[in-house]
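Trainee: Generate a structure from the sequence data that follows.
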Amino acid sequence: MDAIRRSQEALADTQAQLSTGKKAPDIASLGTEAVRTLSAHSMLARQEAQGDTAKRLGTTLSLYDANISTIEDEGMSLSKRILTAIGSGDAAGLNEAIDSAFSLMRSALNGQEGGVPLFGGGSSQPPFKPEKIADLIGIDPADAFTNGTARASARVGDRLDVQYGVLANEVGTDMVKAFQSLAAIGPFDQKLTDAQSAALKSAQAELETGITTVRKYNADNGRRQAQAETLVTRADERSLVLNDVIARNEDADLGQVAMDLAQQQTMLRASYSVFSQLNSMSLVDYLR
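Mentor: Predicted structure coming up:
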């Protein structure tokens, strides 16, 4: 009976390993490997959390890149259009080009992520106030912005915090100055006057300064994007190593489990057979 009980217990443990793929039902049953496995689980959870944070950071930085690049591209396109108008004296479509560039800049500076302004600096209000280019006439460029000064920070590694974010007034002030000059010169007729051509040259120079500023902040954001991508890759690699450590400590060798299962089933059948033979023995068999 003791042999049958032991065989049944061993067979039940082996069947549990086969069904779960684990050496033991819980970490405490791992014995000397329990502490090491618990430590690996803790490190894995930290790496996965940091990797998720770095991925979310990368998404946010991509949104910054898209909006800042829009401002840069529209600024460059408008600059070329102004140079063409100055060179040819033909201002056809220039008003529309200026209005379009301003509208796209305004939309980009008021861009959001999850309902929160990207360039708001902690403020929940749209950071760029003017709705049309004429609203810029006669105001201080600083008054066009309502953003705060806070910058977000993300924990992306052990004792490693990345501060990120761009404020609307940082990336947009020089552009606003250029648009103020353009608003003061216009509107434009089909042909430029000599005074308008001279003023446009000055405004175009201001626009180039604004584009340079925008490009600087876009480059800074790009460096943070590269850092976030590196941190995501590093976190994924460390998670793979830790998962391998955990697997070696917890996962059962299914090949060995199958061999043990067959052996234990054979032993249990033998125990049943012996028990059956002993149970059927009778003194009558020896008295004949």
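Trainee: Show me the shaky parts of the stretch 1-150 of the chain.
Mentor: Within the stretch 1-150 of the chain, the segments meeting pLDDT under 70 span 1-35.
Trainee: just the strands in it please.
Mentor: With DSSP state E, counting those that start in this stretch applied, the stretch 1-150 of the chain shows strands at 112-113, 116-117, listed in chain order.
Trainee: do you know which of these lies nearest residue 156?
Mentor: For residue 156, the closest of those is strand 112-113, at 17.5 Å, according to CB to CB. The C-beta positions use only the backbone N, C-alpha and C, and glycine is treated the same way.
Trainee: Neighbouring strands - and their directions - for that closest one?
Mentor: If you go by DSSP bridges, strand 112-113 pairs up with strand 116-117 (antiparallel).
Trainee: Count the neighbours of residue 143 for me.
Mentor: A total of 11 residues lie near residue 143 under the criterion other CB atoms under 10 Å.
Trainee: Where do the helices of the chain begin and end?
Mentor: Ranges of helices within the chain are 2-20, 34-88, 94-109, 168-185, 194-250, 254-280, 284-287, based on DSSP state H.
Trainee: right, and the ones you listed - which one's nearest residue 159?
Mentor: Per CB to CB, nearest to residue 159 of the helices of the chain: helix 34-88, 11.1 Å.
Trainee: what angle separates the closest one from helix 168-185?
Mentor: Helix 34-88 and helix 168-185 meet at an angle of 10 degrees, taking axes from the mean of the first three to the mean of the last three CA atoms, to 10 degrees as the criterion.
Trainee: wouldn't residue 60 be in contact with residue 111 here?
Mentor: No: distance between residue 60 and residue 111: 11.1 Å, which falls outside the contact criterion (CB atoms under 8 Å).
Trainee: Between those two, which contacts overlap?
Mentor: Contact with both residue 60 and residue 111 is made by residues residue 118, according to CB atoms under 8 Å, 6 or more residues apart in numbering.
Trainee: most tightly surrounded among the strands of the stretch 1-150 of the chain?
Mentor: strand 116-117 (a mean of 16; mean count of other CB atoms under 10 Å).
Trainee: Now do it: distance to the chain's middle.
Mentor: In terms of CA atoms, centre = their mean, to the nearest Å, the centre of strand 116-117 is set 17 Å apart from its chain centre.
Trainee: Name the residues that touch that strand?
Mentor: The contact list for strand 116-117, computed with CB under 8 Å, 6+ apart, reads 110, 111, 123, 124, 125, 126, 127, 147, 168.
Trainee: In contact with residue 95, which residues?
Mentor: Taking CB under 8 Å, 6+ apart as the contact definition, residue 95 lies against 186, 187, 188.
Trainee: What separation do you get for residue 66 and residue 239?
Mentor: Distance of residue 66 to residue 239, computed by CB to CB, to the nearest Å: 29 Å.
Trainee: Please apply the same query to residue 156.
Mentor: 14 Å.
Trainee: same question, residue 175
Mentor: Distance of residue 175 to residue 239, given as CB to CB: 43 Å.
Trainee: Residue 66 and residue 239: who's more crowded?
Mentor: Neighbours per residue, other CB under 10 Å: of residue 66 and residue 239, the larger number sits with residue 239, 18 against 12.
Trainee: Can you give me every residue that contacts the more buried one?
Mentor: The neighbourhood of residue 239, defined by CB under 8 Å, 6+ apart, consists of 44, 47, 48, 51.
Trainee: Kindly report the same for residue 157.
Mentor: For residue 157, the residues meeting the contact criterion (CB under 8 Å, 6+ apart) are 50, 231, 234, 235.
Trainee: Show me which pair in those residues is furthest apart.
Mentor: Maximum distance among the contacts of residue 157 (CB to CB): 9.1 Å, for 50 and 234.
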